[in-house]
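*Asks:* Build me a structure from this.
(one chain, ligands or ions: 1)
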Amino acid sequence: SGMFTYDPGFTSTASCESGLTYIDGDQGVLLHRGYPIGQLAEQSSFMEVAYLLLNHELPSKDELDTFIYTISRHTMLHEQLAQFYRGFRRDAHPMAVMCGVVGALSAFYHDSTDIADPHQRMVASHRLIAKMPTIAAMAHKYSIGQPFLYPDNSLSYTGNFLRMTFGVPAEPYVVNPVVEKALDRIFILHADHEQNASTSTVRLAGSSGANPFACIAAGIACLWGPAHGGANEAALNMLREIGTPEKIPEYIARAKDKNDPFRLMGFGHRVYKNYDPRATVMQQTVREVFESLNVSDPVFETALRLEEIALKDDYFVEKKLFPNVDFYSGVILSAIGFPTTMFTALFALARTVGWVAQWNEMISDPEQKIGRPRQLYTGPTQRDYVPVDRR
Ligand code: CMC
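*Replies:* This is a model prediction of the structure:
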């Protein structure tokens with residue numbers, strides 16, 4: 001009984017209080033604990049941003065070193081978990097594998113996860129942040145039939161991930177500092193984004209007191225969808241399909257057609273009604289990576305031209321549809337050598353930082369309750385059961 005606010009898709013309901021991330025969608029502003037995303041992306045590192053999100057403040061040099069050391073202590077996977085991969089088909093999507101493997105972590109750490117204890121929560125958070133690169137890299141290695149590589153803790157978080165993904169035991173792997181920096185920046189750009197669908201999923205799952213590893217697996221499941229994290233893969237596939245700038249008008253027309261379900265992938269956002277500040281940094285990063293690697297990709301020209309045409313088109317102007325973070329990320333990831341199927345897995349790796357930080361914030365919030373939305377019932381009113389032989 002009682003009246004409820006009807007808000008499908010939660011377009012106007014705040015589900016929690018949070019001190020992590022501020023977004024002004026009209027101005028195109030994104031701040032993490034007050035710091036603008038552009039400054040963090042250019043001057044900070046992913047580990048520093050992870051520390052900031054988890055611990056409220058930027059670390060001192062000593063605090064950062066200790067944090068990086070602590071994370072590095074957790075990079076290995078239990079050997080039993082490595083066996084887990086063999087149960088998957090080789091052609092399984094990496095996101096399917098990650099849902100399964102991250103969910104399975106809950107079976108390895110169930111005894112040490114007393115979520116009422118802040119220390120235990122922090123250990124679980126460190127484990128997740130540390131193991132995600134190993135898990136993602138192993139998903140890739142498994143799909144191409146190469147041996148898994150153990151982590152190398154002498155490398156940076158991102159350098160170690162690159163080595164586990166692209167290295168082989170037969171020869172030394174040299175981390176390219178330009179690639180390392182670009183990927184680290186991509187991780188920063190994906191670290192957190194307030195109450196997006198996957199983060200809300202993690203909070204809702206966690207609100208019942210569920211195991212944190214299982215909650216993160218739920219977040220991965222949600223992120224996979226093409227309207228959310230799956231958009232980076234879908235955007236690059238779309239750009240490749242468009243192929244040449246001459247074909248852009250055809251796709252623009254399809255995106256505008258009400259009877260065609262096609263959307264411009266990497267365009268539009270629930271909150272940003274202006275340029276996504278992450279897309280600005282991403283576009284710059286494409287230029288930097290291409291310049292320093294001395295490569296190019298016609299798909300980048302197509303993307304730039306598509307953006308230019310769309311931003312002048314009445315449909316996109318009126319609906320305030322701008323490129324989002326996923327529009328340019330695929331171009332860089334592809335230049336680095338990642339297959340498109342790995343793009344969303346990389347998003348999951350980075351967003352794990354936001355998920356665990358938000359989960360910690362929720363559990364330590366004295367107002368925290370189980371997430372339990374209400375509904376507007378639209379089914380039949382009460383009626384009497386009719387036995388099957390009389391139906
Ligand atoms: N291409 C064409 N039309 C679009 C697009 C698009 N990419 N996005 C929104 N519209 C139209 C939509 O058809 C609707 O028109 P109308 O009002 O006439 O029905 C209007 O714009 C509003 O769209 P909506 O779907 O009601 O808005 P939403 O806030 O529910 O959806 C969105 C936001 C991101 C899901 C949507 O813009 C979209 O599907 N974009 C493409 C997928 C994408 O790039 N997703 C990544 C988002 S950023 C990273 C992340 O979250 O993981």
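
*Asks:* List the contacts of residue 218.
*Replies:* 201-202, 205 (CB atoms under 8 Å, 6 or more residues apart in numbering). To be clear about C-beta, it is placed using only N, CA and C from the backbone, and glycine gets the same treatment.

*Asks:* what about the residue of the stretch 1-150 of the chain found nearest the ligand, neighbour count?
*Replies:* For the stretch 1-150 of the chain and the ligand, the shortest gap (CB to the nearest ligand atom) falls at residue 9, measuring 5.8 Å. Burial of residue 9 is recorded as 8 neighbouring residues (other CB atoms under 10 Å).

*Asks:* Name the nearest residue to residue 50, sequence neighbours excluded.
*Replies:* Leaving aside its sequence neighbours, residue 50 sits nearest to residue 353 (CB to CB, 6 or more residues apart in numbering; 4.5 Å).

*Asks:* same question but for residue 345, I mixed them up
*Replies:* The shortest distance from residue 345 to any non-neighbouring residue, by CB to CB, 6+ apart, is to residue 94 (4.3 Å).

*Asks:* ok, now residue 231?
*Replies:* residue 326 (4.2 Å).

*Asks:* go on, residue 4?
*Replies:* Residue 4 sits nearest to residue 374 (CB to CB, 6+ apart), 4.4 Å away.

*Asks:* I'd like the distance between the one you found and residue 195.
*Replies:* The gap separating residue 374 from residue 195 is 18 Å, by CB to CB, to the nearest Å.

*Asks:* Tell me which of these two has more neighbours.
*Replies:* A count of neighbours by other CB under 10 Å puts residue 195 above the other of residue 374 and residue 195, at 19 against 10.

*Asks:* For the contacts of residue 218, which entry has the maximal number of neighbours?
*Replies:* Tallying neighbours with other CB under 10 Å puts residue 202 at the head of the contacts of residue 218, with 27 neighbours.

*Asks:* I figured that residue hits residue 213, correct?
*Replies:* No - assessed by CB atoms under 8 Å, residue 202 is found out of contact with residue 213, at 11.1 Å.

*Asks:* Near the ligand, which residues of the stretch 1-150 of the chain? Just list them.
*Replies:* Within the stretch 1-150 of the chain, the positions lying close to the ligand (CB under 6 Å from any ligand atom) are residue 9.

*Asks:* In the stretch 201-350 of the chain, what residue lies closest to the ligand?
*Replies:* Relative to the ligand, the nearest point of the stretch 201-350 of the chain is residue 268 (2.5 Å; CB to the nearest ligand atom).

*Asks:* Would you mind naming what in the stretch 201-350 of the chain lies close to the ligand?
*Replies:* Proximity of the stretch 201-350 of the chain to the ligand, by CB under 6 Å from any ligand atom, involves residues 227-229, 231, 255, 263-270, 319, 321, 324-326.

*Asks:* buried subset of those?
*Replies:* 228-229, 231, 255, 263-269, 321, 324-326 (16 or more other CB atoms under 10 Å).

*Asks:* nearest spatial neighbour of the spatially most central residue of the chain, skipping sequence neighbours?
*Replies:* Centroid-nearest residue in the chain, with CA atoms, centre = their mean: residue 347, separated by 3.2 Å. Nearest residue to residue 347 in three dimensions, chain neighbours excluded: residue 229, at 4.3 Å (CB to CB, 6+ apart).

*Asks:* I figured the one you found hits residue 346, correct?
*Replies:* No - counting by CB under 8 Å, residue 229 stays clear of residue 346, with 9.3 Å between them.

*Asks:* residues in contact with the residue nearest to residue 347?
*Replies:* Residue 229 is in contact with 198, 223, 326, 344, 347-348, 351, counting by CB under 8 Å, 6+ apart.

*Asks:* What segments of the protein are strands?
*Replies:* All strands of the chain, identified by DSSP state E, fall at 21-24, 29-32, 35-36.

*Asks:* Just checking: what are the partner strands of the first one?
*Replies:* Neighbouring strands of strand 21-24 in its sheet, by DSSP bridges, are strand 29-32 (antiparallel).

*Asks:* for the last one, same thing?
*Replies:* Counting by DSSP bridges, the strands paired with strand 35-36 are strand 29-32 (antiparallel).

*Asks:* List the buried residues for the strand it pairs with?
*Replies:* 30-32.

*Asks:* And the contacts of that strand?
*Replies:* Residues outside strand 29-32 that contact it (CB under 8 Å, 6+ apart): 20-23, 36-37, 40, 49, 52-53, 191-193, 277-278.

*Asks:* Considering the residues you listed, which is situated nearest to residue 391?
*Replies:* Using CB to CB, residue 193 is the member of the contacts of strand 29-32 that lies nearest residue 391, at 50.3 Å.

*Asks:* residues contacting that closest one?
*Replies:* Counting by CB under 8 Å, 6+ apart, residue 193 touches 21, 23, 30, 199, 351, 354.

*Asks:* Report pLDDT for the third one.
*Replies:* It refers to residue 30. Looking at residue 30, its pLDDT is 97.

*Asks:* The last one now?
*Replies:* According to the per-residue confidence, residue 354 scores 98 in pLDDT.

*Asks:* Identify the residue spatially nearest to it, adjacent ones excluded.
*Replies:* residue 192 (3.0 Å).

*Asks:* Isn't the one you found up against residue 199?
*Replies:* Yes - Residue 192 lies in contact with residue 199 (CB under 8 Å); the separation is 7.5 Å.
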